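Asker: Fold the following, please.
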Amino acid sequence: MSVHAFDDQLSELLPRLRRFALWLTRDLSSADDLVQSTMERALSTRAAKRDDGDLRAWLFRILYRQFLDARRRAQRYAWLLGRLREDDEPQWPSAERELLAQSALAAFEHLTPEQRSLLLWVTVEGLSYQQVADILEVPIGTVMSRLSRARQAMRRHGEGEQPTPSLRLLK
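Answerer: Okay, the predicted model is just below:
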């Protein structure tokens, strides 16, 4: 194919390439940049293109690969910037967060083993109430009420109340 014919076909396909690039990038200036880099690549590798191949498909393939490469580069760049930023500004835990965490752990230690296991299964392990009921072989309502009492005990201890054991009156 002659240089003149190749240039004519490229100029005919520019609106289609630009429309596709705009659809990919959702930004007019980015789409124009993508089409420009596609044209640069097409003109620099024109000798590698076979004459019997479809020019439109070849250009769309170049444009799409340019788009994917640019996205990968942007992701790597953002990741690298994030890593550099982490090293520059170390994040120290605040005294308030430390105090809250220690308070929660202290309250957790004062729970009964049954209450602790319930809280761990539901909050940490993410088991559903039904799964916990199946483990304990009790009705789901029992699990819900025991969990409610465990959460109340945690709250009371966090507020500084000392839980008093409930005594049953015997007749």
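Asker: buried set for the one helix or strand R116 maps to?
Answerer: Under the criterion of DSSP states H and E, R116 resides in helix 113-119. Buried residues in helix 113-119, counted by 16 or more other C-beta atoms under 10 Å: 115, 117-119. (C-beta placed from N, C-alpha, C; glycine too.)
Asker: and those residues as JSON lines, adding pLDDT?
Answerer: JSON lines is the format used below for those (pLDDT from 0 to 100):
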{"residue": "Q115", "pLDDT": "88"}
{"residue": "S117", "pLDDT": "85"}
{"residue": "L118", "pLDDT": "88"}
{"residue": "L119", "pLDDT": "88"}
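Asker: so how far is stretch 22-33 off the chain centroid?
Answerer: Put simply, stretch 22-33 sits 25 Å off its chain's centre (C-alpha atoms, centre = their mean, to the nearest Å).
Asker: oh, I was asking about stretch 135-155
Answerer: Distance of stretch 135-155 from the chain centroid (C-alpha atoms, centre = their mean) equals 32 Å.
Asker: and it, C-alpha only, in CSV?
Answerer: C-alpha atoms of stretch 135-155 as CSV (Å, rounded to 0.1, in the frame of the first residue of the first chain):
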residue,chain,number,x,y,z
ILE,A,135,-22.8,-25.2,66.9
LEU,A,136,-24.3,-24.8,70.4
GLU,A,137,-27.4,-26.9,69.6
VAL,A,138,-29.7,-24.3,71.0
PRO,A,139,-32.5,-22.3,69.4
ILE,A,140,-31.6,-19.1,67.5
GLY,A,141,-33.5,-17.0,70.1
THR,A,142,-31.3,-18.3,72.8
VAL,A,143,-28.2,-17.2,70.8
MET,A,144,-29.6,-13.8,70.3
SER,A,145,-30.5,-13.2,74.0
ARG,A,146,-27.1,-14.5,75.1
LEU,A,147,-25.3,-12.3,72.6
SER,A,148,-27.4,-9.3,73.8
ARG,A,149,-26.4,-10.0,77.4
ALA,A,150,-22.7,-10.3,76.4
ARG,A,151,-22.9,-7.0,74.6
GLN,A,152,-24.6,-5.4,77.6
ALA,A,153,-21.9,-6.7,79.9
MET,A,154,-19.2,-5.2,77.6
ARG,A,155,-21.0,-1.9,77.6
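Asker: State the helix or strand in which L24 lies.
Answerer: Counting by DSSP H and E, L24 is found in helix 3-25.
Asker: Understood, closing this out.
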